[in-house]
Structure formats: C-alpha cells, structure tokens
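1. what follows is a predicted protein model with its sequence.
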Amino acid sequence: MDSQEEVEWCDKEKMNGNDVRFSLVDFVKEDQHFISKTLLKATFEICAMKHNFDYKLVKSDKKVWYICCTDDDCSWRVRAEGLPGSSYFIIKKYVPHHSCAPSKRKGSVRTASAKTIGTLIMHMYETTKEGPRSNDIVQYMRSEHGLEISYSLAWDAREYAINKVKGLPEEGYEKIPKYLHMMREANPGSHTSYERDSEGRFRFLFISFGQSLRGFYVA
C-alpha cells in the first residue's frame, strides 16, 4: 500500500438528527492489513485529530492493539492483531460509528505527534538528499490530509523522518565494536583500538589492517 494512501478518511453524516456519524469504511475495514503497527496507529491518530474526537488505549503489545472512544458508553472501537512472524497488523474488529453525543467528543481531541507525521512523510527522504522543508510539510499535511499543523511540529516531524531513514549519529557509533570484531575476523592479524570517555562518548579509533602490517614487514 502506498504511503500516501495510508490515510484516506471518511465522510460525516447525520444520525438521528442530532448525532454525528464518523466512518472510515472507505479506507479501513475488518481484515484490513497494515504494513506495521506504526502506520496503523498513525492512521487513527490523524483521523481522531481531523474529526475532533479522542480515543483511549485499552491494550497494546506485539500481538494486539485495541482502542476505543474515551466515552465508555460509545460503541466506536478498533481491535487489530499482529500477524505471527511479521510486522503486519490486521484489523479483526472495527466499529466505525460513534454512538456518543458530539458534545462529549469536543472536549478532548487527540493531537497528531511528530512521530505520526514523520511516519507519513518518511518516504520523501528515502531517494532525495534533503527532502521537504518544514514549510513544505505544513503545506503537505494541509493539502493531502486536511490538517493544520504548526511549524514547530513540522520541524520535529522532519527530524524524526530523517533520523529514521538515515539513522542517528549516536546509533552509528554504537555499531563500532561490532564492526571492529567483524573486521578482525575478515582480516587476521589486524589491530584495533577503540576508546570512549567517562560519559561513554566516542574519543578515538585506531585500525591497523593485518595485510598492511605484513606488507610493511616484508618490505
């Protein structure tokens, strides 16, 4: 599923003359698959923000993601289950309509996080050097998803997306010991030295390849 299609939202219709009926049936339905739990969560977080309601988390682990309306008497709920041996989640139970009064939903509205928006724009940084700027993200969310977000939220979302695609510098340093081990295994006779400061931060790295050392002695 294309990431731009991950968040297609539903129509509003009047119910019983005074209630508002929300539905994601045009996009979400039972047995719907999501490539990851992150995209599943992003879908409903954006929906809640766009349609001015909130939900509460009932259960969340590797096997189940279950949410329901913050009004305990409301019928709106979603239950998704993780597919064994996969990152995919599938919606097993979905009640798309709110039975609670609109006035109860207006008091609490979920706000999309930087992580959620960053997940939606992550693909924009995979094949380009810089990708969209914060102002571009604000415009993208407005035109593609009908949401108004602040510049600061767009900035944080951009940082999240870039770090997820390209990785954090700190994560690169954490891989040095593993890299050195693999390098010594592949290059017998090599010598390495790796040191951190008292706070665990990188100080210096020394590598002398075995083949270079042998060539030096032969010469």
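-> Received it, and whenever you're ready, just let me know what you need.

2. and for stretch 177-186, what's in contact with it?
-> Surrounding stretch 177-186, the residues in contact under the criterion Cβ atoms under 8 Å, 6 or more residues apart in numbering are 190, 192, 194, 207. No exception for glycine: its C-beta is placed from N, CA and C like everyone else's.

3. 7 Å - rerun?
-> Judged by Cβ atoms under 7 Å, 6 or more residues apart in numbering, the contacts made with stretch 177-186 from elsewhere in the structure are 190, 192, 194.

4. does the residue nearest to Leu205 when sequence neighbours are not counted belong to a helix, a strand or coil?
-> With sequence-adjacent residues excluded and distances taken as Cβ to Cβ, 6 or more residues apart in numbering, Leu205 is closest to Tyr194, at 5.2 Å. Applying DSSP: H, G, I helix; E, B strand; the rest coil to Tyr194 yields a three-state assignment of strand.

5. check the one 4 residues further on too.
-> Three-state secondary structure (criterion: three-state DSSP) places Ser198 in coil.

6. ok, how many other residues are close to it?
-> For Ser198, the number of neighbouring residues by other Cβ atoms under 10 Å comes to 6.

7. check contacts around it.
-> Under the criterion of Cβ under 7 Å, 6+ apart, the contact list for Ser198 is empty.

8. follow-up on the earlier one: can you flag the buried ones in the contacts of stretch 177-186?
-> 190, 192 (16 or more other Cβ atoms under 10 Å).

9. ok, the contacts of stretch 177-186 vs Thr127, which is closest?
-> Distance ranking of the contacts of stretch 177-186 against Thr127, using Cβ to Cβ, places Tyr194 first at 33.5 Å.

10. any idea how far the closest one is from Asn187?
-> Shown here: Tyr194 relative to Asn187, a distance of 16 Å by Cβ to Cβ, to the nearest Å.

11. for the protein, which segments count as helices?
-> 37-50, 102-106, 114-121, 134-145, 151-166, 169-174, 176-186, 210-218 (DSSP state H).

12. circling back: tell me the pLDDT of the residue nearest to Leu205.
-> pLDDT, Tyr194: 83.

13. do the same with Gly107
-> The model reports Gly107 with a pLDDT of 61.
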